[in-house]
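Participant: Need a 3D model of the sequence below.
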Amino acid sequence: MRKLAPIALLLACCTLAGTALAFDNGQYENVPADIRAWFKGVIAPNGVPCCDISDGHQTEYDFRSGAYWVPIEGQWMEVPAHAIIRDRGNPVGQAVVWYVHHRGSIVISCFVPADAV
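Facilitator: The predicted structure is shown next:
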């Protein structure tokens with residue numbers, strides 16, 4: 001299991017009627033421009049944008065039986081294969097997961113492992 005190292009990047013998520021909304025109101029002003037651009041440019045393998053810096057969550061993760069698992073709100077969840085992004089690099093050096101609440105469930109839309117290249 002990978003442990004989180006401290007980083008000054010605060011991340012949160014907001015949803016409205018099942019649609020993810022990014023809300024960068026300047027609260028992440030200390031985030032370097034290259035990191036901000038990376039968050040804005042991450043796209044899932046199915047072509048759907050992961051959203052923005054405010055939608056990602058730093059996370060620890062585990063790799064079990066050929067699948068990534070992440071803790072979300074106190075529950076370990078398997079990351080769906082269609083959400084794993086390994087070709088966009090990872091400038092923050094920690095795993096990041098994007099998810100939304102949809103109809104009473106948590107839906108993982110994107111996941112970038114800490115060692116993505």
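
Participant: Could I get the contacting residues of residue 46?
Facilitator: residue 82 (CB atoms under 8 Å, 6 or more residues apart in numbering). (Each C-beta comes from the backbone N, C-alpha and C, glycine too.)

Participant: Mind pulling the model confidence for it?
Facilitator: Listed pLDDT for residue 46 reads 83.

Participant: now the one 10 residues further on
Facilitator: Turning to residue 56, the model gives it a pLDDT of 86.

Participant: Could I get the full set of helices for this structure?
Facilitator: 33-41 (DSSP state H).

Participant: who's the spatially most central residue of it bridged to?
Facilitator: With distances taken as CA atoms, centre = their mean, the residue of the chain nearest its centroid is residue 97 (2.4 Å). Residue 97 has these beta-bridge partners by DSSP bridges: residue 57, residue 111.

Participant: what's the distance between it and residue 51?
Facilitator: Residue 97 is 12 Å from residue 51, where distance means CB to CB, to the nearest Å.

Participant: now do residue 96
Facilitator: According to CB to CB, residue 96 and residue 51 sit 11 Å apart.
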